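K.L.:
With the input below, show me the fold.
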Amino acid sequence: MLGRLIKWSIELSEYDVNFETRPAIKSQVLADFVGDNTPTECLEEDSSENEKGLWKLSVDGLSCVSISGAGLVLTSPDGWTLEYALRFGFKATNNEAEWEALIAGLTIAKHLEVQKIEASNDSQLVVGLVREYEAREDSMVKYLAHVQSLKSAFQVFRVVKVPRAENARVDQLSKLARTEELKKN
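P.N.:
Residues are numbered from 1 along each chain as shown. So this is what the prediction gives:
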């Protein structure tokens, strides 16, 4: 083996080839890649009857050093939209901000007496916990329980994972939480 490496080293030396090791990929980049490239289709069969009257809710949370907030867009079956940029009065992690965004959107939909809703989010954790995973952290267990209690208000309730690129509008709304105009005077 060593002889072969030396042979190739001599052969390639005339071409000025340098070997450089690749830096490690941060785990979040890999997680984002997997999340963004996971199919978002619902595995359940959807009948057209369930699609009639279906409202769409898109949510995204934001957590910065001193500010946390959310963006949400609620779209009726007729196509009119309600858009919200929310600033939370408390510090939240990214995951907590995603949960708070979903809960705020579902609460608004419940008050509007929406019967059928499909919520989309770019957070693999939130979507995974609502759909299939088991929550282990105390805060995640509490958030999941809250969403499950809101779920009973709807005849049809789905949560789907969307790539970040498809969540651009609510991402912009969540970033509005950082602006001075939303601060209380």
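
K.L.:
Point out the other elements, helices or strands, that the longest strand seen in the chain touches.
P.N.:
Longest strand in the chain, counting residues (DSSP state E): strand 54-63. In this structure, strand 54-63 packs against strand 68-75, helix 94-111, strand 116-121, helix 168-175, with contacts taken as 3 or more C-beta pairs under 8 Å, 6 or more residues apart in numbering; DSSP states H and E. Using the backbone N, CA and C atoms, a C-beta is placed for each residue, glycine as well.

K.L.:
As TSV, those with distance to V159 and mean pLDDT would be great.
P.N.:
Converted to TSV, those look like this (distance: least, C-beta to C-beta, whole Å; pLDDT from 0 to 100):
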stretch	distance to V159	mean pLDDT
strand 68-75	14	89
helix 94-111	8	90
strand 116-121	5	92
helix 168-175	14	81
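
K.L.:
Select, out of the ones you listed, the one closest to K142.
P.N.:
helix 94-111 (9.0 Å; C-beta to C-beta).

K.L.:
Next, count neighbours for V130.
P.N.:
By other C-beta atoms under 10 Å, 24 other residues sit near V130.

K.L.:
Then A145?
P.N.:
By the criterion of other C-beta under 10 Å, A145 has 11 neighbours.

K.L.:
which of the residues in the helix or strand hosting it are buried?
P.N.:
Assigned by DSSP states H and E, A145 belongs to helix 138-151. Judged by neighbour count (16 or more other C-beta atoms under 10 Å), helix 138-151 contains these buried residues: M140, Y143, L144, H146, V147, L150.

K.L.:
what's the answer for stretch 110-119, then?
P.N.:
For stretch 110-119, the neighbour count (16+ other C-beta under 10 Å) marks V114, K116, I117, E118, A119 as buried.

K.L.:
could I get that stretch in PDB with only the CA atoms?
P.N.:
Extracted C-alpha coordinates of stretch 110-119, given in PDB (Å, rounded to 0.1, in the frame of the first residue of the first chain):
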ATOM      1  CA  LYS A 110     -59.900  27.800  16.000                       C
ATOM      2  CA  HIS A 111     -61.300  31.300  16.900                       C
ATOM      3  CA  LEU A 112     -62.300  31.700  13.200                       C
ATOM      4  CA  GLU A 113     -64.200  28.400  13.500                       C
ATOM      5  CA  VAL A 114     -62.100  26.800  10.800                       C
ATOM      6  CA  GLN A 115     -63.000  23.100  10.400                       C
ATOM      7  CA  LYS A 116     -60.300  21.800   8.100                       C
ATOM      8  CA  ILE A 117     -56.700  22.900   8.300                       C
ATOM      9  CA  GLU A 118     -53.300  22.000   6.900                       C
ATOM     10  CA  ALA A 119     -50.400  23.500   8.700                       C
END
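
K.L.:
Good, wrapping up.
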